[in-house]
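> here are the coordinates; sequence isn't available:
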């Protein structure tokens, strides 16, 4: 399995949780991070993972660290 094929465990759940906590729709999130609604839906279903640039945009939107989104425990 190539590195790009590895799915980050729990990423989709943390994205969904933070979006709901912020009180915005998938469509609104997509507008704010520069993507499409279907892409956000794919992130939340765990079908697709964000690029590095998009991950930074998501972390900034939610005011959380990328480590949190990725489930990194120190």
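Ah, there it is. A quick note: this is a predicted structure, and the numbers were derived from the prediction, not measured. Numbering: from 1, shown residues only.

> Pull the number of nearby residues for residue 30.
Neighbour count for residue 30, taken as other CB atoms under 10 Å: 18. For glycine as for every other residue, the C-beta is placed from the backbone atoms N, C-alpha and C.

> Does it belong to a helix, a strand or coil?
Secondary structure for residue 30, judged by DSSP: H, G, I helix; E, B strand; the rest coil, is helix.

> How about the contacts made by it?
The neighbourhood of residue 30, defined by CB atoms under 8 Å, 6 or more residues apart in numbering, consists of 36, 37, 39, 40.

> For residue 74, see how far away the closest residue to the first one other than its chain neighbours is.
On the basis of CB to CB, 6 or more residues apart in numbering, the spatially nearest residue to residue 36 that is not a chain neighbour turns out to be residue 30, at 5.5 Å. Between residue 30 and residue 74 the distance is 31 Å, computed by CB to CB, to the nearest Å.

> Does residue 39 lie in a helix or a strand, and which?
Element membership for residue 39 (DSSP states H and E) is helix 37-45.
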